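**Q** Structure of the sequence below:
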Amino acid sequence: MLLYNVTVGIDKGVEREWLQWMKTEHMLDVLNTGMFKQAKIYKILHESEEETVSYSVQYFAETINHVQRYLEEFAPALRAEVDKRFHGKHVTFRTLLEEA
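**A** The predicted structure follows:
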């Protein structure tokens, strides 16, 4: 099993809107590609006075081929939608992990 983790820093001013959209639209769109079996989202807990809040968005895939296909065929359009909706209000970094 592989975990494709997307860590997102989202501006506090749009956090609620972003979280609702993630749960009701974006994560479902990612799952509907058929490349992932499950998705979860966690708020990263830390004390900070920054203007952003961080989340870990986790997508679980059975094979590296599923992740690669997602990244090549589906990710560009889905990322563009995030950028369109929340331009300048988020930062992301992605990590691929393999279950040991």
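**Q** List the buried residues of the lengthiest helix in the chain.
**A** Using DSSP state H, we find that the single longest helix of the chain is helix 75-86. Residues 75, 82, 86 are the ones in helix 75-86 that count as buried (16 or more other Cβ atoms under 10 Å). (Each C-beta comes from the backbone N, C-alpha and C, glycine too.)
**Q** Likewise for stretch 9-24?
**A** Here stretch 9-24 shows 9-11, 18-19, 21-22 as buried, counting by 16+ other Cβ under 10 Å.
**Q** out of the buried residues of helix 75-86, who's nearest residue 49?
**A** Lowest distance from residue 49 to the buried residues of helix 75-86 (Cβ to Cβ) belongs to residue 86, with 21.5 Å.
**Q** At which residues are the helices of this protein located?
**A** 15-21, 27-31, 64-69, 75-86.
**Q** Any idea which of those helices gets closest to residue 57?
**A** Among those, the nearest to residue 57 by Cβ to Cβ is helix 27-31 (7.0 Å).
**Q** Contacts for that closest one, please.
**A** Contact partners of helix 27-31, identified using Cβ atoms under 8 Å, 6 or more residues apart in numbering, comprise 36, 38-39, 41, 57, 59, 70, 74, 78, 81.
**Q** If we use 10 Å, what do you get?
**A** For helix 27-31, contacts defined as Cβ atoms under 10 Å, 6 or more residues apart in numbering pick out 4, 6, 21-22, 36-41, 57-60, 70, 74-75, 77-78, 81.
**Q** Just the ones in strands from these, please.
**A** Among the contacts of helix 27-31, the members falling in strands (DSSP state E) are 4, 6, 38-41, 57-60.
**Q** Low-confidence ranges, this protein, go.
**A** 48 (pLDDT under 70).
**Q** For residue 23, list the residues it contacts.
**A** Going by Cβ under 10 Å, 6+ apart, residue 23 touches 39, 41.
**Q** typed the wrong thing, it's residue 72
**A** Counting by Cβ under 10 Å, 6+ apart, residue 72 touches no other residue.
**Q** Next, the distance between the ends of stretch 78-97.
**A** This stretch, stretch 78-97, spans 21 Å end to end (Cα to Cα, to the nearest Å).
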